[in-house]
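what follows is a protein structure lacking sequence information:
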């Protein structure tokens, strides 16, 4: 069995979660059984709705907090009527609230329940807050039954969480969590577990891992110690999803690792541990650094975190002068630079348009920027969508990101034959942008300010449209070819087979 460990997932997930979803497809295609373990607490949505939306099957998912119960991942199916039955016949009046419904009990003053619907269904109840005299006392969380409850005590005018109770399907208590600020203690039967880290360790122990099992660590923060210490003889793959070191803080004598990977790298050289990068470029850099700074040659492999089902060609002519970008709308993606670049480039290319796909915290600021520039007519915020059959409608893809361990959207864009514009930064852009052949790879330095960055992106757009767009598209298809599913599947299958035979790649 293969177990992939990560913390969380969301409606607007990061590239790590999308990489896992791609990997799940590959495992299915090669007949390798896999489970995906998530360890974050999910309160305001049923996790199953998000894992299902990104492409996981329910039976492939393990949730830490559900694991020690007999509940399994499943959709919300609890109706308002079923919730009302738990009120024991008490009279109430019903009122609509944002996201759900409020039940005010007529026989008990100042007592009501706010029930919120699952975003994944829009109909069924996901959680219900019990409020008395203005104080939140309990919240119940549902999927196809009541999974767990949280209990609160009023303190300084606020509701303070002090306990969670997790249930079995028949309503009996499976285990409890006692909360004190950011610390937790768990009681499972007679056993006390004094931290979440140890709870993760208990989960790993209970998997009874052997040398025939593989654990894949996609994020080690809050997971690594529990996983690494309890994996037994299983193989451990540590996947590098981002730039792994700070170039500016590294000297000939010392290297400053990315703090998210520093603990992971302490396992370099241990038996059964393999480090996996998404690009050959990063694998070579990391291997050279291990050898230089630590005199260590750990097992390494290059496995792309994504794969293309097919190369996609447009059914109709691409829209002229059309740009697309897709990412989480977060500051580090620098979509604001792209907006400014398009505003400036449009002074020379009046037909130029940009569609921005994704969601995130920066959405409001981007909307304001577009409005202030008077660009609503040619720059659109298009939200989060499945882009599989969308890329092929555009001529070019543009990225403002200054660090991509791989760049799933870059891969998808070349797989649809788009011309490319982006900065020469590790590791995704140089992998998918062949300067002058399928697009423009722009110079970048760490001291580059936003104004200059937008200027360079704008110049890259203008340069792009002096080239033969058909030739750029053809070169993108050539770059995409090695990322077709059959090629990525072959790599992953070969690594699994070599691990099982004890001859993992060096």
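That came through fine. Keep in mind that what you see is a predicted model, and the values were worked out from it rather than measured. Numbering: from 1, shown residues only.

and the pLDDT for the nearest residue to residue 218 once chain neighbours are set aside?
Excluding its sequence neighbours, the residue lying closest to residue 218 (C-beta to C-beta, 6 or more residues apart in numbering) is residue 6, at 4.5 Å. Bear in mind the C-beta positions are built from the backbone N, C-alpha and C, glycine included. pLDDT recorded at residue 6 is 96.

and if you look at residue 351?
We have a pLDDT of 97 for residue 351.

swap in residue 506?
pLDDT, residue 506: 40.

next, count neighbours for the residue nearest to residue 218.
Other residues within reach of residue 6 by the criterion other C-beta atoms under 10 Å amount to 23.

again with residue 219
21.

with the one 3 residues further on instead?
With neighbours defined by other C-beta under 10 Å, the count for residue 222 comes to 13.

ok, residues contacting stretch 451-460?
Residues outside stretch 451-460 that contact it (C-beta atoms under 8 Å, 6 or more residues apart in numbering) are 334, 336-338, 340-342, 344-345, 398, 400, 421-423, 440, 442-444, 448.

same deal with stretch 219-226?
Counting contacts by C-beta under 8 Å, 6+ apart, the residues outside stretch 219-226 that touch it are 5-7, 16, 39, 196-201, 203-204, 217, 227-228, 238, 241, 260-261, 263-264.

which of the residues you listed fall in strands?
Counting by DSSP state E, the part of the contacts of stretch 219-226 found in strands is 5, 6, 217, 238.

what two of those have the greatest distance between them?
6 and 238 (12.5 Å; C-beta to C-beta).

bridged to the residue nearest to residue 218, which residues?
Counting by DSSP bridges, residue 6 forms beta bridges with residue 38.

contacting residues for it?
For residue 6, the contact set (C-beta under 8 Å, 6+ apart) comprises 16, 17, 20, 36, 37, 38, 39, 218, 219, 223.

adding distance to residue 165, write those out as a markdown table.
Formatted as a markdown table, these follow (distance: C-beta to C-beta, whole Å):
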| residue | distance to residue 165 |
| --- | --- |
| 16 | 31 |
| 17 | 29 |
| 20 | 30 |
| 36 | 26 |
| 37 | 22 |
| 38 | 20 |
| 39 | 19 |
| 218 | 30 |
| 219 | 28 |
| 223 | 24 |
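
can you tell me the SS state at the closest residue to residue 148 other than its chain neighbours?
Excluding its sequence neighbours, the residue lying closest to residue 148 (C-beta to C-beta, 6+ apart) is residue 166, at 4.4 Å. Three-state assignment for residue 166 (DSSP: H, G, I helix; E, B strand; the rest coil): strand.

burial measure for residue 166, as a count.
Using other C-beta under 10 Å, residue 166 has 22 other residues around it.

is it bridged to anything, and to what?
Going by DSSP bridges, residue 166 forms beta bridges with residue 148, residue 175.

wait, what's in contact with it?
Residue 166 touches 65, 66, 68, 69, 147, 148, 173, 174, 175, 176, 177, counting by C-beta under 8 Å, 6+ apart.

and with 6 Å instead?
Residues counted as contacts of residue 166 (C-beta atoms under 6 Å, 6 or more residues apart in numbering) are 69, 148, 174, 175.

okay, domains of this structure per the record?
The chain resolves into domains spanning 2-72+197-302, 80-196, 322-483 when parsed by automatic domain parsing.

of all the ones you listed, which one comes closest to residue 501?
Smallest distance to residue 501 across these (C-beta to C-beta): 11.2 Å, for domain 2-72+197-302.

could you tell me the end-to-end distance of that closest one?
18 Å (C-alpha to C-alpha, to the nearest Å).

residue 125 against residue 113, yeah?
No: at 10.2 Å, residue 125 does not count as touching residue 113 under the criterion of C-beta atoms under 6 Å.

joint contacts of the two?
By C-beta under 6 Å, 6+ apart, no residue touches both residue 125 and residue 113.

apart from its neighbours in sequence, what residue is nearest residue 230?
The shortest distance from residue 230 to any non-neighbouring residue, by C-beta to C-beta, 6+ apart, is to residue 204 (4.0 Å).

tell me how far that neighbour lies from residue 198.
Computed as C-beta to C-beta, to the nearest Å, the residue 204 to residue 198 distance reads 10 Å.

comparing the two, which residue is more hemmed in?
Each of residue 204 and residue 198 has its neighbours counted (other C-beta under 10 Å); residue 204 has more, 23 against 19.

so how far is stretch 350-363 from its chain's centroid?
Its chain's C-alpha centre and that of stretch 350-363 lie 20 Å apart, by C-alpha atoms, centre = their mean, to the nearest Å.

so for it, what gets flagged as buried?
By neighbour count with 16 or more other C-beta atoms under 10 Å, stretch 350-363 contains the buried residues 352, 353, 354, 355, 356, 357, 358, 359, 360, 362, 363.

JSON lines for the domains of the chain, including distance to residue 500?
Formatted as JSON lines, the domains of the chain follow (distance: least, C-beta to C-beta, whole Å):
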{"stretch": "domain 2-72+197-302", "distance to residue 500": "7"}
{"stretch": "domain 80-196", "distance to residue 500": "32"}
{"stretch": "domain 322-483", "distance to residue 500": "25"}
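
quick one: which of those is nearest residue 498?
Of all the domains of the chain, domain 2-72+197-302 sits nearest to residue 498, with 8.9 Å by C-beta to C-beta.

and the ones in strands among the contacts of stretch 219-226, which is closest to residue 465?
Nearest to residue 465 out of these is residue 6 (C-beta to C-beta; 40.3 Å).

pull the number of nearby residues for the closest residue to residue 493 other than its chain neighbours.
Nearest residue to residue 493 in three dimensions, chain neighbours excluded: residue 30, at 4.9 Å (C-beta to C-beta, 6+ apart). Neighbourhood size, residue 30 [other C-beta under 10 Å]: 14.
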